[in-house]
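Undergrad: Fold the following and give me the result.
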Amino acid sequence: MRKQHLFFYNVSSAKENVSSAKDDVTSSTLFVTYALMLYIVINYLCAEFYQKRNMKLKINYFIFAYVLSQLCSCSGNEQTNIECKTSLQVDLQNVQKEKLASSFVSDIEVVQLELPEPYFFGVVHRVLFGGSSIFVIDEKQSTVFRFDKNGTFICKIGTKGEGPGEYIHITDCFIDDKNVYLCDQDVRSIHIYSYDGTYIRTITSPFNLVYDDIEALPNGDFFCHYVTSNKNNAKFWIMGKNGECKQVLLKHDNIYPYSNTQWSTITKTAIDTLWIHDPIHEIVYSYDSKNDNLTAEIALNSNLTRLDSFGGIKILPPEEQNYSPCLFILNSSHSIFSLWASADWRLTYSLYDKSSMQNVAFEKIVMDIQDYPHFPLVVSSNKPNALVSLMTDETPVENFPEQYRSKISERTALLYIINLK
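TA: Numbers count the residues shown, from 1 in each chain. Next up, the predicted model:
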């Protein structure tokens with residue numbers, strides 16, 4: 001689940017301590033592991049020399065073999081950069097005041113979602129579509145609700161707890177064509193359920209395998225993106241079906257200040273293809289899982305400071321006012337829509353038209369489509385060629401279409417599917 005704040009350009013001391021602790025744990029683990037390996041090898045060689053093989057040494061040998069296999073299991077390369085195919089210039093200093101929604105929106109679909117008692121809507125930052133089902137991930141309650149395409153409640157996925165098939169806290173959620181995956185990063189677990197909520201199994205992974213975003217691949221493996229940067233840590237890596245690291249695709253090239261948003265950095269654009277946004281270097285990658293090919297597709301070049309300008313430091317200088325990261329990006333059939341934030345919390349939209357190859361930045365979207373008074377803030381979604389938003393009773397009532405204003409409650413929400421031209 002994403003952070004509740006819109007955008008982070010600094011870290012608290014607690015976050016810094018957690019990051020340092022992870023580094024220390026990883027380094028200490030490797031040191032102890034290598035020391036153990038050396039100890040066991042010496043013991044085994046001595047046993048060979050004196051021909052005193054006892055059961056204890058045999059057990060040590062098998063432990064050594066297992067540890068060695070785990071260390072060698074995550075294959076990969078030392079790449080930290082891939083040459084980008086093209087660049088997109090985004091002028092964030094000459095910004096238009098507004099842009100009409102009708103200039104890039106083809107139509108809007110509205111689905112009224114209804115929850116039965118005792119459920120209610122909290123804070124939603126992600127909505128996923130699978131077949132004829134709609135999955136709403138509620139960050140505040142750490143809950144996933146399933147609806148049919150008409151907004152009728154079907155079931156809740158998973159249960160909080162510490163028993164088999166239960167989760168402590170949902171840190172991420174993703175789906176494939178038949179399963180729902182609930183991530184509980186605090187205990188390094190991925191719980192798998194069918195669409196009807198039936199528990200299937202749990203995947204556990206070692207503590208040092210960390211990711212911020214994750215997506216299922218067609219072969220049963222998982223693509224992982226570790227946004228937090230430490231030099232030579234894996235940025236993009238593949239997790240196997242059983243939670244092991246199978247392959248490192250790209251490593252971080254330096255330490256940078258922490259930056260994260262409530263939006264996912266991974267979008268599935270086709271069965272075999274993912275698009276991944278790297279908020280540090282502002283590069284959009286594609287990953288072709290069928291051919292195991294990672295490509296740097298687009299470099300987003302704005303005329304304000306990027307995060308990679310602060311290499312070698314973990315905390316953004318408080319006096320830095322010119323930093324403007326890209327929070328969200330959608331690559332649709334005919335355009336690239338992106339959302340940027342400045343240090344003083346102002347939001348700027350950017351729209352690149354692929355046919356005219358023109359890009360425009362603007363502060364506000366004017367909703368000139370009949371019956372819709374306000375353009376809502378979008379959430380993460382896997383819906384192609386569409387911006388998705390969920391409006392709950394926390395949304396000001398005047399932002400709803402007039403015919404829905406009397407219907408909204410803590411158990412009734414409005415789902416916008418904004419289809420782009």
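Undergrad: Touching, Phe121 and Arg411? I think so.
TA: Yes: counting by Cβ atoms under 8 Å, Phe121 touches Arg411, with 7.0 Å between them. Heads up, the C-betas are built off the backbone N, CA and C, glycines and all.
Undergrad: which SSE is Gln89 in?
TA: strand 86-90 (DSSP states H and E).
Undergrad: Report the mean per-residue pLDDT for that strand.
TA: Average pLDDT, strand 86-90: 93.
Undergrad: Common neighbours of Phe121 and Arg411, please.
TA: Common neighbours of Phe121 and Arg411, using Cβ atoms under 8 Å, 6 or more residues apart in numbering, are Leu115.
Undergrad: Leu351 and Ser103, how far apart?
TA: Counting by Cβ to Cβ, to the nearest Å, the gap from Leu351 to Ser103 is 8 Å.
Undergrad: which of the two has more neighbours?
TA: Ranked by neighbour count (other Cβ atoms under 10 Å), Leu351 and Ser103 place Leu351 first, with 18 against 13.
Undergrad: Now do stretch 412-419: distance to the chain's middle.
TA: The chain centroid and the centroid of stretch 412-419 are separated by 21 Å under Cα atoms, centre = their mean, to the nearest Å.
Undergrad: who touches that stretch?
TA: 105-115, 121, 124, 127, 134, 136, 151, 376, 378, 383, 385-393, 400-401, 404, 408.
Undergrad: where does the stretch 51-200 of the chain have low pLDDT?
TA: 51-78 (pLDDT under 70).
Undergrad: Show me what Tyr193 bridges to in the sheet.
TA: Under DSSP bridges, the beta-bridge partners of Tyr193 are Val180, Tyr199.
Undergrad: just checking, it touches Ile157?
TA: Yes: if you go by Cβ under 8 Å, Tyr193 and Ile157 touch, sitting 5.3 Å apart.
Undergrad: circling back: tell me the buried residues in the helix or strand that comes right after the strand holding Gln89?
TA: Next helix or strand after strand 86-90 toward the C-terminus (DSSP H and E): strand 96-100. Under the neighbour-count criterion of 16 or more other Cβ atoms under 10 Å, strand 96-100 has Lys99 buried.
Undergrad: Which element is encountered next along the chain beyond strand 96-100?
TA: Using DSSP H and E, the next helix or strand after strand 96-100 towards the C-terminus is strand 105-114.
Undergrad: Which elements pack onto that next one?
TA: Applying 3 or more Cβ pairs under 8 Å, 6 or more residues apart in numbering; DSSP states H and E, one finds that strand 105-114 contacts strand 133-138, strand 143-148, strand 412-420.
Undergrad: quick one on the thing from earlier: with just CA atoms, put the strand holding Gln89 into CSV.
TA: The C-alpha trace of strand 86-90 is given here as CSV (Å, rounded to 0.1, in the frame of the first residue of the first chain):
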residue,chain,number,x,y,z
THR,A,86,14.3,8.6,-26.5
SER,A,87,13.7,11.6,-24.3
LEU,A,88,10.7,13.7,-23.5
GLN,A,89,11.2,17.4,-22.6
VAL,A,90,8.8,18.6,-19.9
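Undergrad: and it, what other elements does it pack with?
TA: Counting by 3+ Cβ pairs under 8 Å, 6+ apart, strand 86-90 packs on strand 293-302, strand 335-341, strand 358-366.
Undergrad: beta partners for the most centrally placed residue in the chain?
TA: A centroid search over the chain (Cα atoms, centre = their mean) returns Asp213, at 3.0 Å, as the residue closest to the centre. Bridge pairing for Asp213 (DSSP bridges) gives the partners His225.
Undergrad: residue contacts, it?
TA: Contacts here follow Cβ under 8 Å, 6+ apart; on that basis Asp213 touches Asp172, Cys224, His225, Val227, Ser264, Thr265, Ile266.
Undergrad: Are there residues contacting both of Tyr193 and Ile157? Which ones?
TA: Common contact partners of Tyr193 and Ile157 (Cβ under 8 Å, 6+ apart): Val180, Leu182.
Undergrad: buried set for the strand holding Gln89?
TA: The neighbour-count check on strand 86-90 (16+ other Cβ under 10 Å) flags Leu88, Val90 as buried.
Undergrad: what lines up beside that strand in the sheet?
TA: Sheet pairing of strand 86-90 (DSSP bridges) gives strand 293-302 (parallel).
Undergrad: Give the pairing partners of the next helix or strand after the strand it pairs with; include direction for each.
TA: Following strand 293-302 in sequence order, the next helix or strand is strand 326-331 (DSSP H and E). Sheet pairing of strand 326-331 (DSSP bridges) gives strand 335-341 (antiparallel).
Undergrad: Grab the CA positions of the strand it pairs with and hand them over as PDB.
TA: Listed next in PDB are the C-alpha coordinates belonging to strand 335-341 (Å, rounded to 0.1, in the frame of the first residue of the first chain):
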ATOM      1  CA  SER A 335      -0.600  10.100 -25.300                       C
ATOM      2  CA  ILE A 336       1.600  10.100 -22.200                       C
ATOM      3  CA  PHE A 337      -0.100  11.700 -19.100                       C
ATOM      4  CA  SER A 338       2.000  12.500 -16.100                       C
ATOM      5  CA  LEU A 339       1.600  14.300 -12.700                       C
ATOM      6  CA  TRP A 340       4.400  16.300 -11.100                       C
ATOM      7  CA  ALA A 341       4.900  17.900  -7.700                       C
END
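Undergrad: Can you give me the pLDDT of the residue nearest to the centre of the chain?
TA: pLDDT, Asp213: 95.
Undergrad: Please report how far it lies from Asp172.
TA: From Asp213 across to Asp172, the span is 7 Å (Cβ to Cβ).
Undergrad: dump the residue contacts of Glu402.
TA: Residues counted as contacts of Glu402 (Cβ under 8 Å, 6+ apart) are Asp371, Pro373.
Undergrad: Report the separation between it and Asn301.
TA: Taken as Cβ to Cβ, the span from Glu402 to Asn301 is 42 Å.
Undergrad: what do you get for Tyr195?
TA: Distance from Tyr195 to Asn301, by Cβ to Cβ: 41 Å.
Undergrad: neighbour count winner among these two?
TA: Taking neighbours as other Cβ under 10 Å, Tyr195 and Asn301 compare with Tyr195 leading, 19 against 14.
Undergrad: show me the contacts for that one.
TA: For Tyr195, the contact set (Cβ under 8 Å, 6+ apart) comprises Gly130, Gly131, Ser133, Arg146, Lys178, Asn179, Val180.
Undergrad: Kind regards, and thank you for your time.
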